[in-house]
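In: I'll drop the sequence and a predicted model, then ask my questions.
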Amino acid sequence: MDALSTSIIDLRDVVAVYNGYPALAGASLSVEKGEIVLFQGPNGAGKSTLLRLCAGLLPVERGTAFVLGCNVQDERERIRSRVGLLGHNNGLYADLSIADNISFWASMVGASQIEIDAAMSRMGIDGSLASRSVGNLSAGQKRRCALACLIVRRAELWLLDEPHAGLDAKGRDEIDAILREASQLGATIVVASHEIERAQHLATRNVAVVAGRVQERS
Amino acid sequence: MDALSTSIIDLRDVVAVYNGYPALAGASLSVEKGEIVLFQGPNGAGKSTLLRLCAGLLPVERGTAFVLGCNVQDERERIRSRVGLLGHNNGLYADLSIADNISFWASMVGASQIEIDAAMSRMGIDGSLASRSVGNLSAGQKRRCALACLIVRRAELWLLDEPHAGLDAKGRDEIDAILREASQLGATIVVASHEIERAQHLATRNVAVVAGRVQERS
Amino acid sequence: MSTSPNIARVARVVAAKDLRIEMRSHIVVQQVLPFAGLVMVMFAFALDNDDVLQRVAGGLVWLATLFSLFIVVQRSYAIETSDGALDALRVAGVDSQGIFLGKSAALFVQLITLELLLFVLAVVLYQVQLSLAGLVLLVTCVLCATAGLAFVGTLYGGLTAGAHGRETLLPLLLLPVVAPVVLSATRATESAFLSGGAVLADGWPWVGVLAVFAALFGIGGLLSFGALIEE
Amino acid sequence: MSTSPNIARVARVVAAKDLRIEMRSHIVVQQVLPFAGLVMVMFAFALDNDDVLQRVAGGLVWLATLFSLFIVVQRSYAIETSDGALDALRVAGVDSQGIFLGKSAALFVQLITLELLLFVLAVVLYQVQLSLAGLVLLVTCVLCATAGLAFVGTLYGGLTAGAHGRETLLPLLLLPVVAPVVLSATRATESAFLSGGAVLADGWPWVGVLAVFAALFGIGGLLSFGALIEE
Amino acid sequence: MNSTAVRSVGTPSTRLFGLLAIACMTWVVVGGLFFTPADLNQGESVRIMYVHVPTAWVAYLAFIVTGVASAMFMFGKKHSLGFDRVAGASAEVGLMFMAITLISGSLWGRLTWGTFWEWDPRLTTTAFLFVTYLGYMAVRGLGGSPQQRARRSAVVAMLAVLEIPLVHFSVVMWRSLHQRASVLSTDGDIKMDGLMLTTLFVGVIGFTCTFAWLVSHRQRVMAMRDILLATQLDSALNERIAEGSQS
Ligand code: HEM
Ligand SMILES: Nc1ncnc2c1ncn2[C@@H]1O[C@H](COP(=O)(O)OP(=O)(O)OP(=O)(O)O)[C@@H](O)[C@H]1O
Ligand SMILES: Nc1ncnc2c1ncn2[C@@H]1O[C@H](COP(=O)(O)OP(=O)(O)OP(=O)(O)O)[C@@H](O)[C@H]1O
Ligand SMILES: [Mg+2]
Ligand SMILES: [Mg+2]
């Protein structure tokens, strides 16, 4: 890790642009290891953009962005395997079953069958559900599958874009418990959510994102 | 309207099947004019399926389903223009601007420019946002656009599948206000949602959907 | 509450919407057109036998149109299904005959533009002589054939759009139906071009075939499109 | 924390995933194959001249493969982009060379299957005579040509997959690059079939061209695929 | 730079190229139309050569420049967008020259072969090359961030340039109607009238200067548009920030 900064995420005046539109207009943020940070803010503020940028999916137009001690602009290949992102999309293969999707990711990162089973049972996916095609599932079931894939990936930095969306009450509690546990094991977690009451219980720090900039809070 | 039943929705032991999987396993429900009904229940229970069935998007395998006094199976063309559905998808054209999307729907139903402007300002869509391509918007902005299209359609029965998903706090309040207003003007509203605290304030009646069946509550 | 709009109005709104999307994205002009030109050149080269080429000159335009049709139809429905817009139309009770006519009209306009440019290219490349009578034949042939292609494309595109993720089925369904159109149009075009000893009068029966085909699929589409896009 | 898997392993996992999806959905076997067969038969019908047909028999197989390639490549990337799976792979730092090789391998297997069946069809339809030496030539030709097609398809498919909603660009980009492959493969196949007075020995230089092409695009793809799928 | 300032895209080097181009082209026009003799077989139509052949070669040159600039972009340490601009500008100009080759060739073909177009390998591969670069331009127009656009189009450019040998050797690979490489042939004996040859070479130099002149202008225009975009971004940023302080 870079000696310059021990923060997991360190953004300084970051500008990110989509076809000339400044989705991020000088965002600065630093997140330390083990924190659970909540992004909140109005629609179109730039929460998803911030998360995608930290995941290395977006180019940095101006400013500097360090994630896990590496510059997201130049050294992305070094950080990637250590970052897990759950975006608005689920990133699943609709023609495969839940079990196939999860074991695809497991063989990517070399996770064992035990870890697969653990992830599935954590997300409440039982045997008969696991063998069904993802394309045939309800919205919440898909989201659960995406979360199980993410758990199997064992990232150091979890970036979650509205993880509660689509989950039922039980699923929401489950994912909260999983995130707390992961953070206790040393993972750093950033959550963007509009369900402020729920997410606030989870988060150790609140960050307001407004019009492409970060405004710290309590 | 049919003399048989004055209910807006009247389902009796409805079974609906996806490729052999019974998503609805004998659901019965009746909803009266002006009600705001909340569907709640675990993931995969059949809430979205119920809504799609009432909108006439799904065939009824067994049982009878009457919506607005018409049999959804045989007389769908009669009910459709009176039903508005907001599903998990937004149903927008990504290459068109927000304004174009809304005026497309407006010219479909013959709504005036005043109604368009009213719908846009209700959903907090201002001039500069309205001219941007829908493909370039954030998740919540797309959802707002979809809701504005729905408002313009002026349906008698509104079927909303997780309408709060993706909206920010202000947007949630706005949509609640819109739904209350619509129901006072005589529209009937059915909402499926996992955000029970919020939806419960809105709803006049709670319905639990569990494993493809309806269980009435308080 | 809401007034039920008539077919013509729905058709106009849907066609305008599709054409506006094309104006924004320029897919047909910037991507499909060069592709079609290339298909023409490629086949002409592969068949670099003078006799054969002379005989099939007109056919190449139709062949290129055929392969472009797959792309254009697929695009026409990708717009509708990628975010569930077609479902929204169905729920809102938008007249399915109107949708059919509207999408066919938009397809027709796009295909005609494509063919016009391809024919200009062909005329330049092959130096075809075109008499006035030939021109009349050609224009009628193009109009009838394109109407047929637009109707079939819209109909089968709607059929596969209902089945999610099965867009790959489209070429398979379209090809056998469209092949006769392409063959008839080729014969008529050859007559118009007087290529390979063809006689002008021979072209008109083929145009008749095309007109019948267009009428059949136009009526068939009007009657069955609603049933196809239903779940 | 997580171990970085090597290229070969990623390639194997990705290829296995793509092939498993094909096993589940049967797109290539049930939809693309009949389409390709139909293209062959249609062209054979259009050129219903015995001499010509005899000469171009081999070419028809390649032509059908060419048009099927567009569909198969598009499908191969539709899987990845429809729900953002490609983004997930990129974020997870999955080796892009591994993805390239894996997707190419899956494409190769699908195309080879397709070609095999098309060649059987061609042999039956046109009663081509095949000597042992001809068979060796043919097999080498098919392997080299298909490898080239799979590499190009994966490379350009990745390029257009990055730009959302612009899949229509794929045929335009692929056609000029792939056309020489198809032409060279046609010549080699004609030599193998000894059709139209072709000589067997003439086929090998064309196979050389195909091998060079496959090597070029294989290396080019390995080097540049990562840059292409980056945002 | 204030908003009323006018920036010229001309520099001493563009002016030099421009002057050279004008001088050479004057020679080609005067020499090509009046002083060079007509060909024994082809008659007066041979004069088309002074446009046809140089534009073909300069189009090759342009595409090679595109390829090289793309490689410099990809393999350079800084991934400088300057190279991408040169690549794009050069491809545009090359496409224009290739179009002139196609048009002049088909006019020439009308006079010598009696048809505008023949299905001949050289002609067909030339058409392929042309469409390949149309595809390249379409890839440049795909959108996305400038770096991403540059990366994508660089890959296409580096692969597309490999088609040039295919066009050049197509006459050998497939038996062709078209002129074999007579000027650039390897056996070295040039069978052409001295003045014709000189005029042809002056034409090549003239078209090359025209190419250099156009590309340097075009690339500077693109650079300025990037500057303009950057200033637009500044004002967009201010707007976006103001949006935040309102609420
Ligand atoms: C549409 C028609 C034509 C096209 C697209 C075309 C294209 C080309 C191209 C691309 C080159 C550059 C070749 C190279 O050096 O690699 C070229 C060169 C040349 N072309 Fe054409 N051409 C056409 C018609 C003609 C005709 C009709 C003639 C004369 C009868 C002609 C005579 C020449 C000559 C003499 C050269 C120089 C060959 C050399 O020394 O390499 N071309 N043409
Ligand atoms: N692909 C795109 N092209 C152009 N602009 C975009 C694109 N994606 C997002 N934007 C714009 O960037 C801004 C930030 O978007 P972002 O998705 O980050 O918002 P968000 O905070 O996640 O909003 P939401 O709560 O609605 O999800 C928005 O104004 C949006 O319109
Ligand atoms: N296209 C489909 N094919 C097969 N089965 C399906 C399909 N869509 C849904 N199902 C199944 O039908 C059941 C009900 O699905 P539905 O989408 O109605 O659930 P839901 O209550 O809306 O759940 P959620 O809260 O997750 O959105 C689920 O078990 C689901 O797996
Ligand atoms: Mg978002
Ligand atoms: Mg649901």
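Out: Received it, and whenever you're ready, just let me know what you need. What you are looking at is a predicted structure, and each value in this text was computed from that prediction instead of being measured. Residues are numbered from 1 along each chain as shown, chains lettered A, B, ... in the order given. Ligands and ions are numbered 1, 2, ... in the order given.

In: how about the helices in chain E?
Out: Taking DSSP state H as the test, the helices found in chain E are E:12-30, E:49-75, E:81-112, E:121-140, E:146-160, E:163-173, E:194-246.

In: between the ones you listed, which gets nearest to C:Glu230?
Out: Smallest distance to C:Glu230 across those (Cβ to Cβ): 37.5 Å, for helix E:121-140. For every residue, glycine as well, the C-beta is placed using N, CA and C.

In: Distance to C:Met23 for the helices of chain E - can I get that in JSON lines?
Out: Converted to JSON lines, the helices of chain E look like this (distance: least, Cβ to Cβ, whole Å):
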{"stretch": "helix E:12-30", "distance to C:Met23": "37"}
{"stretch": "helix E:49-75", "distance to C:Met23": "30"}
{"stretch": "helix E:81-112", "distance to C:Met23": "24"}
{"stretch": "helix E:121-140", "distance to C:Met23": "17"}
{"stretch": "helix E:146-160", "distance to C:Met23": "22"}
{"stretch": "helix E:163-173", "distance to C:Met23": "32"}
{"stretch": "helix E:194-246", "distance to C:Met23": "23"}
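
In: Looking at the ones you listed, which is nearest to chain B?
Out: Across the helices of chain E, chain B has its closest neighbour in helix E:194-246 (8.7 Å, Cβ to the nearest Cβ).

In: average pLDDT across the closest one?
Out: Mean pLDDT, computed over helix E:194-246, is 87.

In: With stretch E:126-136 instead?
Out: Stretch E:126-136 comes out at a mean pLDDT of 90.

In: Can you give the contact residues for it?
Out: Identification of contacts with stretch E:126-136 by Cβ atoms under 8 Å, 6 or more residues apart in numbering or on different chains yields C:34, C:37-38, C:41, D:169, D:172-173, D:175-177, D:179-180, E:56, E:63, E:66, E:91, E:94-95, E:98-99, E:101-102, E:105, E:153, E:156-157, E:160, E:163-164, E:166-167.

In: Please list only the buried members of the residues you listed.
Out: Buried members of the contacts of stretch E:126-136, scored by 16 or more other Cβ atoms under 10 Å in any protein chain shown, are C:34, C:37-38, C:41, D:169, D:172-173, D:175-177, D:179-180, E:56, E:63, E:66, E:91, E:94-95, E:98, E:101-102, E:105, E:153, E:156-157, E:160, E:163-164, E:166-167.

In: Which helix or strand contains A:Ala25?
Out: Using DSSP states H and E, A:Ala25 sits in strand A:21-31.

In: Which residue does chain C have closest to ligand 5?
Out: Using Cβ to the ion, C:Gly84 is the residue of chain C that sits closest to ligand 5, at 13.3 Å.

In: phi, psi of that residue?
Out: Main-chain dihedrals, C:Gly84, degrees, to the nearest 10: phi 80, psi 20.

In: returning to what we had before: list, out of the contacts of stretch E:126-136, those positioned next to ligand 2.
Out: Near ligand 2, taking Cβ under 6 Å from any ligand atom as the test, no member of the contacts of stretch E:126-136 is found.

In: is it true that A:Leu24 touches A:Asp13?
Out: No - shown here, A:Leu24 and A:Asp13 do not form a contact pair, counting by Cβ atoms under 8 Å, at 9.5 Å.

In: what about these two, which has more around it?
Out: A:Leu24 (30 against 14; other Cβ atoms under 10 Å in any protein chain shown).

In: sorry, back to before: tell me the SS of the nearest residue to the residue of chain C closest to ligand 5 once chain neighbours are set aside?
Out: Leaving aside its chain neighbours, C:Gly84 sits nearest to B:Asn89 (3.3 Å; criterion: Cβ to Cβ, 6 or more residues apart in numbering or on different chains). What DSSP: H, G, I helix; E, B strand; the rest coil gives for B:Asn89 is coil.

In: Is there a neighbour count for B:Asn89? I'd like the number.
Out: With other Cβ under 10 Å as criterion, B:Asn89 counts 18.

In: List the residues that contact it.
Out: C:83-84, C:87.

In: and it, how far is that from B:Ala99?
Out: 20 Å (Cβ to Cβ, to the nearest Å).

In: Dihedrals phi and psi, A:Phe104?
Out: phi -60, psi -50.

In: A:Gly110 now?
Out: Torsion angles, degrees, to the nearest 10, at A:Gly110: phi 80, psi 30.

In: Which pLDDT value goes with it?
Out: 84.

In: What count of nearby residues applies to the closest residue to chain A within chain E?
Out: Residue of chain E nearest chain A, by Cβ to the nearest Cβ: E:Gly244 (3.0 Å). Other residues lying near E:Gly244 total 19 when counted by other Cβ under 10 Å.

In: Now do the contacts for it.
Out: A:25, A:210-213.

In: Setting aside sequence-adjacent positions, which residue approaches it most closely?
Out: Using Cβ to Cβ, 6+ apart, the closest residue to E:Gly244 is A:Ala211 (3.0 Å).
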